[in-house]
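1. mind folding the following:
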Amino acid sequence: MGKDAKGGGKGKGKQAGGSEDGGGAKGKGKGGKAADGLGTCTYVKARHILCEKQGKINEAYKKLQDGWLSNGDKVPPAEFAKIAAEYSECPSGKKGGDLGWFPRGKMAGPFQEVAFNTVVGATSPPFKSTHGYHIILAEGRKN
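-> This is a model prediction of the structure:
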């Protein structure tokens, strides 16, 4: 994953609930975003699924929906990893889509926006970047 020069898409959408911040700042930050750490953290830990074709990412998302999201549940990282290994076309797919911790500014465009604005434990809806179509699972955030 590198920097995106541009990218349109649905970076923000319905996401599973939760307010765990993984050690991020509480009560501080821009625009009143407080306890969840959204918009205030410096690092995020994430997994993702990357597909070149929208149809394939939609299949992966449907699998996540059928197993957890349709019931309002959060997708366990181990289960997300299985689907990433099956569907992701990124080399990280072999590691269950694990991108580890990365700082704000390393990923650009919609990928960074979605990664830093997805609640810990939640899964983003599919979105497009210049690299293809993604789904992100936010695992943690810290300063």
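
2. what are the boundaries of the helices in this structure?
-> 54-67, 77-87, 109-117 (DSSP state H).

3. what's the most buried one of the ones you listed?
-> Mean neighbour count (mean count of other C-beta atoms under 10 Å) peaks for helix 109-117 among the helices of the chain, with a mean of 22. For every residue, glycine as well, the C-beta is placed using N, CA and C.

4. show me the shaky parts of the chain.
-> 1-40 (pLDDT under 70).

5. which strands or helices does the longest strand along it pack on?
-> Taking DSSP state E as the criterion, the chain has its longest strand at strand 132-142. For strand 132-142, the packing partners by 3 or more C-beta pairs under 8 Å, 6 or more residues apart in numbering; DSSP states H and E come out as strand 43-51, helix 54-67, helix 77-87, helix 109-117, strand 127-129.

6. need these in JSON lines with distance to Gly93, can you?
-> As requested, these are exported to JSON lines (distance: least, C-beta to C-beta, whole Å):
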{"stretch": "strand 43-51", "distance to Gly93": "7"}
{"stretch": "helix 54-67", "distance to Gly93": "10"}
{"stretch": "helix 77-87", "distance to Gly93": "5"}
{"stretch": "helix 109-117", "distance to Gly93": "15"}
{"stretch": "strand 127-129", "distance to Gly93": "16"}
